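J.: structural data only, the sequence is not supplied:
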C-alpha cells in the first residue's frame, strides 16, 4: 500500500496555493501542520480527488488515481473541515445514507453503522437527531462516516477545530485506533493534535513542505532556538510585543519568566532550554518570518521534497 504525490501543484490565478509537493506515504499517521492559509486543505482536496491539480498527479500503488476513478474513491475515507449532514436525520439515518452512497449493502450498512457509532462513543444516541448533537458529537459522527467503507487511505482536515481539550483528546485516541494498517493524513494547526499520534509530521508554509520527519527528529531541529529569561513584570509586556513568546509565567517578587524563540538570545540573562514541537512551530511561523527564511534545515530522512518556496 503506497500513496505517491508527484510534484503536486495548484494555482488559483497568480496565487500558488500548493507548490510542487512530492511525497511517498506508506501505512502510518502523517500530521500535516501549518498555519491557516499554508495550503493544507488544497493539498488534501487534491489527494481526495475533489480538486484537480494544475500539474503533477496522485498515484495509488503506482496507478494514477484520476484514471482509477471509483476504484480509488472506494479506498478513500474523507472528513472535510465542515462535513455536510442533514440536521433532521438521526445519527443512524445519516450513517445508513452515507453507507448507501459508498455502495454498502443494506444489512452490512446497518451492522457496520451501529458498530461504528458504538466505537466513537455514540452508542445509545443513534436515534437522536443530529441537530441536537454537540460539536464534539458531530465530529465523532464525522469520523464514523469517514471509515464506513474501511478505507485504506483516511484523510482528515482540521478534525478537532472548535473542540474543547477533552474532546480533542478523545478524538486523537479515536484516530489512533482507526489508523492501523491505513495511510492517515491529518491536517491541523494545533500542535498537540499530532505530536502524540503522528509517525511523521509534515510542516507546510506558503504551499510548500518546509520540514518533515518524525516528531522527535523535528524537535531536535529547534535546538539553540529556544530561550528562557526572567525579567521584571514592568518589562514583560513590551518584550512580549517584540519577541515570539511561547509561554509567560508570573513568579514571586514581581518577576516574569518568558519562554521565547529566536536565532540568538534577545534578552540579557537568557538561557537556552530544551525545545518542544510547539517551540518549533512558533519559530517557523513567527511574525515577519519569510517563507522558509531562518528556518531549520529540512529533514533529510523524510519522504517529502521541497517546493520552489521551501
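T.: Here it is on my side, so go on. None of the values given here were measured: they were computed from a predicted structure. Numbers count the residues shown, from 1 in each chain.
J.: just to check, residue 151 is in contact with residue 77?
T.: Yes. Residue 151 is within contact range of residue 77, at 3.4 Å (criterion: CB atoms under 8 Å). For every residue, glycine as well, the C-beta is placed using N, CA and C.
J.: what sits against residue 285?
T.: Applying CB atoms under 8 Å, 6 or more residues apart in numbering to residue 285 gives the contacts 34-35, 205.
J.: pick out the lowest-pLDDT one from the residues you listed.
T.: Lowest pLDDT among the contacts of residue 285: residue 35, with 86.
J.: and that residue, that's in a strand?
T.: No. Under DSSP: H, G, I helix; E, B strand; the rest coil, residue 35 falls outside any strand and is assigned coil.
J.: now do the phi/psi pair for it.
T.: Dihedral pair for residue 35: phi -70, psi 160, per degrees, to the nearest 10.
J.: do residue 276 as well
T.: phi -120, psi 170.
J.: what's the closest non-adjacent residue to it?
T.: residue 219 (6.3 Å; CB to CB, 6 or more residues apart in numbering).
J.: show me what the helix or strand harbouring residue 143 is packed against.
T.: Applying DSSP states H and E as the criterion places residue 143 in helix 135-146. Applying 3 or more CB pairs under 8 Å, 6 or more residues apart in numbering; DSSP states H and E, we find helix 135-146 packed against strand 76-79, helix 91-101, helix 106-119, strand 153-157, helix 165-178.
J.: taking helix 91-101 as reference, get the angle to that helix.
T.: 30 degrees (axes from the mean of the first three to the mean of the last three CA atoms, to 10 degrees).
J.: quick one, phi/psi of the nearest residue in space to residue 35 that is not next to it in sequence?
T.: What sits nearest to residue 35 in space, not counting adjacent residues and going by CB to CB, 6+ apart, is residue 285, at 5.0 Å. Dihedral angles phi and psi of residue 285 (degrees, to the nearest 10) take the values phi -110, psi 20.
J.: give me the number of residues near the closest residue to residue 75 other than its chain neighbours?
T.: Spatial nearest neighbour of residue 75, chain neighbours left out: residue 152 (4.6 Å); criterion: CB to CB, 6+ apart. Residues within reach of residue 152, counting by other CB atoms under 10 Å, total 18.
J.: buried subset of the contacts of residue 285 as a PyMOL selection?
T.: Under the burial definition 16 or more other CB atoms under 10 Å, those of the contacts of residue 285 that qualify are selected in PyMOL by:
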select buried, resi 34+205
